[in-house]
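S.K.: Just the structure for this:
(chains A and B)
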Number of protein chains: 2
Amino acid sequence: MKNYIFTPGPVAVPSEILIEMAKPIMHHRTKEFESIFAEVREGLKYIYDTKQEVFILAASGTGAMEGAVVNTLSRGDKVVVVNGGKFGERWGKICRAFGLDTQELMVEWGHSVDPADIKKALDKDPSIRAVLVQASETSTGAMHPTREIADITRHRDDVLLIVDGITGVGVFPLPFDEIGIDVMVGGSQKAFMLPPGLSFAAMSEKAWKFNKTSDLPKYYFDFKAAQKNAEKNTTPYTPAVTLIIGLAAVLRRFKEEGRESMFRRHAKLSLAMREGMKAIGLDIYVKDVPSPALTTVVAPPEIGSSKVIKALSSEFGITVADGQDQAKGVIFRVSHIGDIEKTDTLFFISAIESVLHKLGYKFNYGAGTKKASEILFGDK
Amino acid sequence: MKNYIFTPGPVAVPSEILIEMAKPIMHHRTKEFESIFAEVREGLKYIYDTKQEVFILAASGTGAMEGAVVNTLSRGDKVVVVNGGKFGERWGKICRAFGLDTQELMVEWGHSVDPADIKKALDKDPSIRAVLVQASETSTGAMHPTREIADITRHRDDVLLIVDGITGVGVFPLPFDEIGIDVMVGGSQKAFMLPPGLSFAAMSEKAWKFNKTSDLPKYYFDFKAAQKNAEKNTTPYTPAVTLIIGLAAVLRRFKEEGRESMFRRHAKLSLAMREGMKAIGLDIYVKDVPSPALTTVVAPPEIGSSKVIKALSSEFGITVADGQDQAKGVIFRVSHIGDIEKTDTLFFISAIESVLHKLGYKFNYGAGTKKASEILFGDK
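M.R.: The predicted structure is shown next:
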């Protein structure tokens, strides 16, 4: 059976990129690789929309998250972590592992943080040195208002905004310099359509000032070493050569497509999915602003998401992600990032209709594909 | 022009492995991937010759080196680092970055450490808690006597032996349990014939005891989390899925070949290279015991290694590594690990002869290939 990967990371990798990475291996200390590296640096700056360097780490996203913390903060620093899902929770775990005084701003799953709550926390305690948040919380599908949070932190010289943009960068507009983000992390297996194993990070001028006094121990994730080496088109330690070659190919593709067009692509696919699901009577898990990276759909409670996920896999070769923790068995998560097109999205909805029908769910068969088709292929 | 990669990492990757990794991507939280992961766990234990778990990290070797330190030691711990090259130096840098009281045992480049010097250091200062060493120092080509060092540390309950086996594991015998190593690190882009991006680590019972009291901060490289997840055939954070699929294929190949036969393969190729080089009057940089992972050849001083390396590249499409630091321009480093066979090795020697001849070096043309051919293809 043909296999379809609709998980919000790892995502489907275009076959021409897989083939690019299957070419004979290249040594990283060669002119040829250095020129690819230079191209990748430019491409990443384009996607991040920044003049700053974007570091390329041989690690998955969590490694870059750790890097964001250890390169800027110091032992005992007070931080506010927005915890509205598994990845917000992870910020908290990383901060505590490195001895930071960590205050969690709990946000109900499926909701976005209210920037006013962040302002309140910062106003109440001027010794807070950083706010850590997800641009898009992959466990719930909710988007947090990065720009509005940056409006609060940008003019405070002693507060950093550290953003997990793993399912944000390249997915929707997050212009690093303009918004005034201080550290932003990305990952290869998301909008970048690559296998996992690479992550990214950029630092603002303000973040570099913090770096000067940061006393958290770091070696593999030392961004100062990464910066020094990037300027010479290399990395401090052996880079994940094949993934970087894949990245060069992907970035060429993105440049052609244009970042605005990438953002529109994700927005349209996610709109079609949400509206398609609503048309067959299903609820979207997100209560405030949904991330266009993925849609989190509440399965009919009498069926539960596990049965839906299982049937999608056995009958259609489709892999989607279950909810995590409190959302496990309640929702399924379907991706709009990676090598997913309008046709794939329509196919997915038709598969969901077929599966739900067989599982005894009562709905207006065809209403989902009709609605999605209008959005995806209609003139509007 | 056809390209030949003879660097001691990244190494040549067999094309069938590249193709395996070019297959459509798989999600890591699936039964299918879990079964591959289980297979890989067994395969790594076979290569490490251990009953312990071998962790798979999405990071290059330096990440696993950092992991070895932060999972066992505590702030202010005294350690002895064997520094006989770039990678020994790196142990020192990592230890100091994490606040360890680091004593370096300097070994002249090209030499192996004398175990007696380690014994002396430990006897002199009973508060030393770890010895860190390379099984094979890739910058000089020298092998350090891991077994003899373990004979000193094994019976000391309060001293760990932490081994960088990046160009050791799978290259020559380093039976983890039998020798009594406490932490050993490996990397994908070496004997494992894969692209860079994965590294490995195993911990002894004694190392786990140290882990209980270790207070160095850790999150991404937390081996306790890796252990807990490995038992469920997964990793704490998104694994480098494609590289692990490649690893499964490589380990299947190794099981068929047998680890003893792998060791013999590297030993034979390196012997042929050393003897071939000597036969044309070149010196080997290593003064004590050479590592079978690579041969470090001193270029004729009147020519220097840079010219040789350049000519190999432009005329033969061959990439070899230059020396580093004090050995830069003096030696070239040629690999016996990765997808390198007897035929490749013979071809390399014939290319060297051609290049040296054109560069005006006087020698008995053909003596290198003759000698190597006897060793590689003769009966002995």
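S.K.: Grab the most central residue of chain A for me.
M.R.: Computing the C-alpha centroid of chain A and ranking residues by CA atoms, centre = their mean puts A:Thr167 first, at 1.1 Å.
S.K.: send the alpha carbons of stretch A:280-288 over as CSV?
M.R.: C-alpha atoms of stretch A:280-288 as CSV (Å, rounded to 0.1, in the frame of the first residue of the first chain):
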residue,chain,number,x,y,z
ILE,A,280,-19.0,17.2,8.7
GLY,A,281,-19.7,18.3,12.2
LEU,A,282,-16.3,17.9,13.9
ASP,A,283,-14.9,20.4,16.3
ILE,A,284,-11.5,22.0,16.0
TYR,A,285,-9.5,21.6,19.3
VAL,A,286,-8.1,25.2,19.1
LYS,A,287,-10.3,27.8,20.8
ASP,A,288,-8.4,30.9,19.9
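S.K.: Rounded mean pLDDT for that stretch, please.
M.R.: The average pLDDT within stretch A:280-288 is 98.
S.K.: Flag every buried residue along it.
M.R.: Neighbour counts over stretch A:280-288 (16 or more other CB atoms under 10 Å in any protein chain shown) mark A:Ile280, A:Leu282, A:Asp283, A:Ile284, A:Tyr285, A:Val286, A:Asp288 as buried. To be clear about C-beta, it is placed using only N, CA and C from the backbone, and glycine gets the same treatment.
S.K.: returning to what we had before: who touches the residue nearest to the centre of chain A in this structure?
M.R.: Applying CB atoms under 8 Å, 6 or more residues apart in numbering or on different chains, we find A:Thr167 in contact with A:Pro8, A:Gly9, A:Gln134, A:Ala135, A:Ser136, A:Thr138, A:Lys190, A:Ala191, A:Ser291, A:Ala293, A:Leu294, A:Ile337.
S.K.: from those, which is closest to chain B?
M.R.: Lowest distance from chain B to those (CB to the nearest CB) belongs to A:Gly9, with 6.9 Å.
S.K.: I figured that closest one hits A:Pro196, correct?
M.R.: Yes: with contact defined as CB atoms under 8 Å, A:Gly9 counts as touching A:Pro196 (7.2 Å).
S.K.: Could you tell me which residues touch both of these two?
M.R.: Residues touching both A:Gly9 and A:Pro196 by CB under 8 Å, 6+ apart: A:Gly187, A:Gln189, B:Thr238.
S.K.: would you turn those into JSON lines with secondary structure and neighbour count?
M.R.: JSON lines is the format used below for these (DSSP: H, G, I helix; E, B strand; the rest coil; neighbours: other CB atoms under 10 Å in any protein chain shown):
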{"residue": "A:Gly187", "secondary structure": "strand", "neighbour count": "30"}
{"residue": "A:Gln189", "secondary structure": "coil", "neighbour count": "31"}
{"residue": "B:Thr238", "secondary structure": "coil", "neighbour count": "25"}
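S.K.: Just the closest of those residues to A:Tyr4, please.
M.R.: The shortest approach to A:Tyr4 among the shared contacts of A:Gly9 and A:Pro196 belongs to A:Gln189, at 16.2 Å (CB to CB).
S.K.: Check whether A:Ser354 sits in a helix, strand or coil.
M.R.: For A:Ser354, the assignment made with DSSP: H, G, I helix; E, B strand; the rest coil gives helix.
S.K.: check contacts around it.
M.R.: Per CB under 8 Å, 6+ apart, neighbours of A:Ser354: A:Glu315, A:Phe316.
S.K.: Please determine how far it is located from A:Val308.
M.R.: As defined by CB to CB, to the nearest Å, A:Ser354 lies at a distance of 11 Å from A:Val308.
S.K.: which SSE is A:Ser313 in?
M.R.: helix A:305-316 (DSSP states H and E).
S.K.: Run the chain-centre distance for the next helix or strand after that helix.
M.R.: Moving toward the C-terminus from helix A:305-316, the next helix or strand (DSSP H and E) is strand A:318-319. Between the centre of strand A:318-319 and the centre of its chain there are 20 Å (CA atoms, centre = their mean, to the nearest Å).
S.K.: With stretch A:248-255 instead?
M.R.: Centre-to-centre, stretch A:248-255 and its host chain are 18 Å apart (CA atoms, centre = their mean).
S.K.: Give the buried residues for it.
M.R.: Across stretch A:248-255, burial judged by 16+ other CB under 10 Å covers A:Ala248, A:Ala249, A:Val250, A:Leu251, A:Phe254.
S.K.: mind listing which of those residues are in helices?
M.R.: Among the buried residues of stretch A:248-255, the members falling in helices (DSSP state H) are A:Ala248, A:Ala249, A:Val250, A:Leu251, A:Phe254.
S.K.: right, and out of these, which lies closest to B:Pro301?
M.R.: Nearest to B:Pro301 out of these is A:Ala248 (CB to CB; 39.3 Å).
S.K.: The closest one against A:Val40, yeah?
M.R.: Yes: using CB under 8 Å, A:Ala248 is in contact with A:Val40, at 5.1 Å.
S.K.: Enumerate every residue touching the nearest residue to A:Phe363 once chain neighbours are set aside.
M.R.: Once flanking residues are discounted, A:Phe363 sits nearest to A:Ile280: 4.4 Å by CB to CB, 6 or more residues apart in numbering or on different chains. A:Ile280 is in contact with A:Ile352, A:Glu353, A:Leu356, A:Phe363, A:Asn364, A:Ala367, A:Gly368, counting by CB under 8 Å, 6+ apart.
S.K.: Kindly report the residues of the stretch 101-250 of chain A close to chain B.
M.R.: Within the stretch 101-250 of chain A, the positions lying close to chain B (CB under 8 Å from any CB of the partner chain) are A:187, A:189, A:195-197, A:216-222, A:236-243.
S.K.: Tell me the one among the contacts of A:Ile280 nearest to chain B.
M.R.: For the contacts of A:Ile280, the nearest to chain B is A:Ile352 (17.9 Å; CB to the nearest CB).
S.K.: if I look at that closest one, how far off is A:Ser305?
M.R.: To A:Ser305, A:Ile352 is 11 Å away according to CB to CB.
S.K.: ok, those two, which is more surrounded?
M.R.: Between A:Ile352 and A:Ser305, counted using other CB atoms under 10 Å in any protein chain shown, the more crowded position is A:Ile352 (28 against 24).
S.K.: what's the nearest residue to the more buried one if we skip its chain neighbours?
M.R.: A:Gly368 (6.8 Å).
S.K.: surely that neighbour meets A:Ala279?
M.R.: Yes: between A:Gly368 and A:Ala279 there is a contact under CB under 8 Å: 5.1 Å.
S.K.: ok, these two, which is more surrounded?
M.R.: Legend: neighbour count by other CB under 10 Å for A:Gly368 and A:Ala279, higher for A:Gly368 (27 against 20).
S.K.: Need the residues that contact the helix or strand encompassing that one.
M.R.: Element membership for A:Gly368 (DSSP H and E) is helix A:367-377. The contact list for helix A:367-377 (CB under 8 Å, 6+ apart) reads A:268-269, A:271-273, A:275-280, A:342, A:345-346, A:349-350, A:352-353, A:380.
S.K.: one more time with 7 Å
M.R.: Residues outside helix A:367-377 that contact it (CB atoms under 7 Å, 6 or more residues apart in numbering or on different chains): A:268, A:271-273, A:275-277, A:279-280, A:342, A:345-346, A:349-350, A:352-353.
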